[in-house]
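Q: Structure of the sequence below:
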Amino acid sequence: MTASAWTGPHRPTTDPDTEQWWAATQNRQLLINDCGSCGSASLYVRPFCPLCWSDEVALRPAGGRARLYTWTVVHQNGAPFDAQVPYIVAMVDLDEGPRLMTVIEQCPADRLRAGLPLIVDFRTDDDGFVVPVFRPE
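A: Have a look, this model is predicted:
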């Protein structure tokens with residue numbers, strides 16, 4: 001048995017529920033689910049509201065602002081992420097309410113603190129794939 005070299009991160013497989021979200025992300029726009037029944041906002045994209053289970057959900061642009069909830073600094077990782085260490089993985093609370101796992105960029109780890117105001121940014125990886133990241137406001 002031979003091992004094949006893993007040359008890049010796996011990319012998400014889109015489906016009818018996530019296709020519009022990923023297309024917007026590739027155009028540097030962050031979308032959230034908006035429930036027409038109870039008014040709550042949510043992420044990740046799904047065809048129903050996780051709060052009231054209504055199927056009256058639609059995607060809308062997020063404002064792009066967030067607050068840092070928690071984080072960790074990754075100092076060691078395997079391919080293909082080993083070349084990026086150290087990097088910061090975080091959970092952020094969007095102003096609209098949803099919590100999102102992301103990467104914090106353009107900020108040294110010693111500046112991080114809970115509640116730090118952040119703004120969405122978009123990183124284009126070597127293969128051209130765009131991912132949402134956050135940086136200090």
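Q: What's the end-to-end length of stretch 106-114?
A: The first residue of stretch 106-114 is 17 Å away from its last residue (CA to CA, to the nearest Å).
Q: Next, the buried residues of that stretch.
A: Neighbour counts over stretch 106-114 (16 or more other CB atoms under 10 Å) mark 107, 112 as buried. Backbone N, C-alpha and C define where each C-beta goes, glycine included.
Q: Just list whatever residues bridge to residue 103.
A: Residue 103 has these beta-bridge partners by DSSP bridges: residue 89.
Q: which ones are touching it?
A: Shown in contact with residue 103 (CB atoms under 8 Å, 6 or more residues apart in numbering): 87-90, 123, 131, 133-134.
Q: Next: residue 90.
A: Residue 90 makes contacts with 68-72, 101-104, 112, 134, as judged by CB under 8 Å, 6+ apart.
Q: Distance check, residue 52 against residue 129.
A: As judged by CB to CB, to the nearest Å, residue 52 and residue 129 stand 34 Å apart.
Q: Kindly report the same for residue 55.
A: Per CB to CB, residue 55 is found 30 Å from residue 129.
Q: These two - which one has more neighbours?
A: More crowded of residue 55 and residue 129, by other CB atoms under 10 Å: residue 129, with 15 against 11.
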